[in-house]
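Trainee: I would like the atomic coordinates for the input below:
(one chain, ligands or ions: 1)
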Amino acid sequence: MSKRLFLALLSVSAIVYSQEKEPTNPEATEIYKPVPPRVVAGEYGTAPSDAIVLFDGKHFDNWISSVDSTAVKWHLNKDGSMTVKDRTGNIQTKQNFGSIQLHLEWKSPKEVQRNGQNRANSGVFLQQRYELQILDNNDNSTYVNGQVGAMYKQGVPLAMASSPSGEWNTYDIIFHAPEFSRGGNIVKQATVTLLHNGILIQDHFEIEGTIEYIGWPKYEAHGKAPLMLQDHNDNSRVSFRNIWIRELD
Ligand code: MG
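Mentor: The predicted structure is shown next:
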């Protein structure tokens, strides 16, 4: 928008606003309907009343292998968690999602192996395309746009908020899906907000396109798509638990 057009719109809206007589009683500025739905919070970390529970530690019923759409090969642990089984491939939800609120918990192994990008690398792929990095960065540096909590190779996190190796982390994510024109052009970029252990580390970050290991991110038109968790093929041994999601559209 040009500055001149913006100023013109501003003056028009100012005139409209000034034509409305300012209320002289408190009720005139109170809104009663529609009433927001009542949502009951779970005990800390567990699903609220309107969430879709994607993983509660009992089964993989809501997930399939991303490799061939067969049953998940990852380890289902007795403590209510799952662990990446090396070289069995990513897993993804059966359900497709648009804009979401997502909660999950993850931990890297206590016994560390290797360095840089090869130490407990996994990731949360929103709509199968946009990766929030999971990595054990404790005493383990790497490129900062690929460190834990990065929108991989796009968004450097605002802080490094990891628990010690071997202890659980929480990720609370708010993601708004991108919007495309009928012709397939991007008209609204996706955005992501990430709280890592309750600390804001991605603040409504505008995602630049699909994650690229080499080259620039690019948008390709798509609709709702699964949530995907990464097997980085290097014996990451990353575990997950307590995954739930709320649809925002
Ligand atoms: Mg990763």
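Trainee: Give the burial count for the closest residue to residue 171 other than its chain neighbours, as a bare number.
Mentor: Nearest residue to residue 171 in three dimensions, chain neighbours excluded: residue 104, at 5.3 Å (Cβ to Cβ, 6 or more residues apart in numbering). No exception for glycine: its C-beta is placed from N, CA and C like everyone else's. Around residue 104 there are 23 other residues, counting by other Cβ atoms under 10 Å.
Trainee: What residues does residue 104 make contact with?
Mentor: 55, 124, 170-171, 173, 240-244 (Cβ atoms under 8 Å, 6 or more residues apart in numbering).
Trainee: Residue 91 too?
Mentor: 60, 63-66, 72, 74, 228-229, 231.
Trainee: same thing but at 6 Å, please
Mentor: Counting by Cβ atoms under 6 Å, 6 or more residues apart in numbering, residue 91 makes contact with 63, 72, 229.
Trainee: Check residue 52 too.
Mentor: Here residue 52 is in contact with residue 245 (Cβ under 6 Å, 6+ apart).
Trainee: Tell me what it is bridged to.
Mentor: residue 245 (DSSP bridges).
Trainee: what's the spacing between it and residue 236?
Mentor: 26 Å (Cβ to Cβ, to the nearest Å).
Trainee: Most proximal residue of this structure with respect to the ion?
Mentor: residue 123 (3.2 Å; Cβ to the ion).
Trainee: how about that residue, phi and psi?
Mentor: phi 180, psi 160 (degrees, to the nearest 10).
Trainee: before we move on, back to that, could you dump the contacts of residue 104 to TSV with distance to residue 220, neighbour count and secondary structure?
Mentor: Converted to TSV, these look like this (distance: Cβ to Cβ, whole Å; neighbours: other Cβ atoms under 10 Å; DSSP: H, G, I helix; E, B strand; the rest coil):
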residue	distance to residue 220	neighbour count	secondary structure
55	28	24	strand
124	20	23	strand
170	31	18	strand
171	25	21	strand
173	22	20	strand
240	27	25	strand
241	32	19	strand
242	32	21	strand
243	26	26	strand
244	28	20	strand
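Trainee: before we move on, back to that, what score does the residue of the chain closest to the ion have for pLDDT?
Mentor: Residue 123 is assigned 98 on the pLDDT scale.
Trainee: Repeat that for the one 5 residues further on.
Mentor: Per-residue confidence for residue 128 comes out at a pLDDT of 98.
Trainee: ditto for residue 61
Mentor: You'll see residue 61 listed with a pLDDT of 98.
Trainee: Can you get me a residue count around it?
Mentor: With other Cβ under 10 Å as criterion, residue 61 counts 11.
Trainee: that older thread, and the residue nearest to residue 171, its phi and psi?
Mentor: Residue torsions, per degrees, to the nearest 10, at residue 104 are phi -150, psi 160.
Trainee: Residue 172 now?
Mentor: phi -120, psi 120.
Trainee: outside of stretch 162-176, which residues touch it?
Mentor: With Cβ under 6 Å, 6+ apart, stretch 162-176 has contacts from 99-108, 110, 112, 126, 136-138, 148, 191-195, 197.
Trainee: do the same with stretch 177-187
Mentor: 98-99, 188-190, 219, 221.
Trainee: could you redo the last one with a cut-off of 7 Å?
Mentor: 98-99, 127, 188-190, 219, 221 (Cβ atoms under 7 Å, 6 or more residues apart in numbering).
Trainee: And stretch 48-63, what's buried?
Mentor: 51, 54-55, 60, 62-63 (16 or more other Cβ atoms under 10 Å).
Trainee: now stretch 163-176
Mentor: For stretch 163-176, using 16+ other Cβ under 10 Å, the buried residues are 163, 165, 168-176.
Trainee: and these near the ion, which?
Mentor: Among the buried residues of stretch 163-176, not one lies near the ion by Cβ under 5 Å from the ion.
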